[in-house]
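**Student:** Provide a 3D model corresponding to the input given below.
(one chain, ligands or ions: 1)
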Amino acid sequence: MDRRNFFKYAGLGMAGVAVSAVSKVALAAIPEIITSEVANTQDPLYPGTGRPYQPVVTLNGWSLPWKMNNGVKEFHLVAEPVVREIAPGMKANLWGYNGQSPGPTIEVVEGDRVRIFVTNRLPEKTSVHWHGQRLPNGMDGVSGLTQPAIEPGKTFVYEFQAKRPGTFMYHPHADEMLQMAMGMMGSWITHPKNPKFMPVDRDFVFLLNAYDIEPGSFTPKVNTMLDFNLWTWNSRAFPGIDPIVVRKDDRVRIRVGNLTMTNHPIHLHGHEFEVTGTDGGWVPKTARWPEVTTDVAVGQMRAIEFVANEPGDWAFHCHKSHHTMNAMGHSFPTMIGVKQGDLMKKITNLVPDYMPMGETGMSEMTDMSEMMDMPLPKNTLPMMMGNGQFGSLEMGGMFTTVKVRDGLAKNDYKNPGDYKNPSGTVAHAVEMDLTKVERQKPHVEGELELNVRKPINHSGH
Ligand SMILES: [Cu+2]
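**Tutor:** I've put the predicted structure just below:
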């Protein structure tokens, strides 16, 4: 795509994407660098050149425009430090591509000859591995093994044919634990040559990623192996994750790739889906079975498909419950049923930071932070946040909604707001004459021992 065509796209909803100033002399032969500063979901990028395909929508992201050069699709990725918002109220110093983490989605068609320029603006060397692709060994992007690393300030070029249609990822294979912990990754879609192969009405893609950022700081701890405290989709935590908006009766595909260090059982409410694609390609119809949860293991891709025939705001989330929590305190002691009474006043006289919590459950945490009784450290997110039309969702992290609505336009991905439930279809309180609630008394052995813990201690996540 040339610059003129790109601006044509800009008028079609690619707002927020900008061509950055690059020396035209130095880079005369290679595509301009296109970057985005915003982290909201952009409209799909319909191909203006090359073979036709049905584009994907990147959740909280966008697709990278290309330039055709003698029949070769040319892209330009720039590895660079970026400042990203994880959710309103929290920013992070990450590394990514073209202004974003994850980088922009690359979309090509089966059989396309693809040339990708990779410029390194990081303070250390890098490489790009094209996860899942069939390609010549020397294009596989494993620094040291298949190529020399790309030194800071240098540009390398990768070239191969996109042989197999499907869902792929890209990420560094140089200092990869650090570089992925800093957010370097992106999605890659190879569309089938025949646009009528397994057609869907809406096709979404995102990557599962995770960060360990101490409340009050901005840079991920890069040596964390398992105890991450921010579980994100495309580097966003709920309520920073956009809803997946679909029209009633649309056939919907959602492609998920996992570049965290643990598995994620991804769960959809209100519908059954089938896993139609894996890293290995498309699943034949006879080999599919219905699911409402699919586990996406580390380094795997899954494409799920369903017909969105039930209107509503349906929860869509990782089913590991601590992955739908944000940074605050996973290390609190369980206080359910521990009578605290006016103990708090007495203790705060001695230990000003002490805050008892969780006597009736964790919900009171959300209520407390709302009442501003609980000031958060700077630059972090409440453990559970996000409000719906019926109150607090008590969720964070890997959570969003699939919003199924009647009568949306074909290309309308705008948030339609809260679902208006038909009358008589919402769970509600009933008035009944029942005896007073009697709970079993908890079993307590011996004397209670009091351990004072401060909620701002975040070690051991
Ligand atoms: Cu998870």
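**Student:** residue 180: how many residues sit nearby?
**Tutor:** Other residues within reach of residue 180, judged by other C-beta atoms under 10 Å, total 20. Using the backbone N, CA and C atoms, a C-beta is placed for each residue, glycine as well.
**Student:** could I get the pLDDT score of the residue of the stretch 151-300 of the chain found nearest the ion?
**Tutor:** In the stretch 151-300 of the chain, the residue that lies nearest the ion is residue 264 (3.4 Å; C-beta to the ion). Confidence at residue 264, expressed as pLDDT, is 98.
**Student:** nearest residue to it other than its sequence neighbours?
**Tutor:** In this structure, residue 264 finds its nearest non-sequential neighbour in residue 318, 4.5 Å apart by C-beta to C-beta, 6 or more residues apart in numbering.
**Student:** wait, what's in contact with the one you found?
**Tutor:** Residue 318 makes contact with 208, 231, 264-267, 324, 397-399, according to C-beta atoms under 8 Å, 6 or more residues apart in numbering.
**Student:** ok, those residues vs residue 390, which is closest?
**Tutor:** When these are compared for distance to residue 390 (C-beta to C-beta), residue 399 wins out at 15.7 Å.
**Student:** my guess is that closest one contacts residue 241. True?
**Tutor:** Yes - if you go by C-beta atoms under 8 Å, residue 399 and residue 241 touch, sitting 7.0 Å apart.
**Student:** so which of these two has more stuff around it?
**Tutor:** residue 241 (27 against 22).
**Student:** hang on, the earlier thing: burial count for the residue of the stretch 151-300 of the chain closest to the ion?
**Tutor:** By the criterion of other C-beta under 10 Å, residue 264 has 26 neighbours.
**Student:** right, and it touches residue 323 too?
**Tutor:** Yes - contact criterion C-beta under 8 Å: residue 264 and residue 323 qualify, at 6.6 Å.
**Student:** now the common contact residues for the two.
**Tutor:** In contact with both residue 264 and residue 323: residue 398, using C-beta under 8 Å, 6+ apart.
**Student:** low pLDDT regions in the chain?
**Tutor:** The chain contains residues with pLDDT under 70 at 1-28, 328-376, 383-384, 446-461.
**Student:** which residues of it lie near the ion?
**Tutor:** Within the chain, the positions near the ion by C-beta under 5 Å from the ion are 264, 318, 320, 323.
**Student:** tabulate these (a markdown table), appending secondary structure.
**Tutor:** Listed next are the residues of the chain next to the ion as a markdown table, based on DSSP: H, G, I helix; E, B strand; the rest coil:
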| residue | secondary structure |
| --- | --- |
| 264 | strand |
| 318 | strand |
| 320 | coil |
| 323 | helix |
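**Student:** just give me the closest of those residues to residue 422.
**Tutor:** Among the residues of the chain next to the ion, and counting by C-beta to C-beta, the member closest to residue 422 is residue 318, at 29.9 Å.
**Student:** beta partners for that closest one?
**Tutor:** Counting by DSSP bridges, residue 318 is bridged to residue 266.
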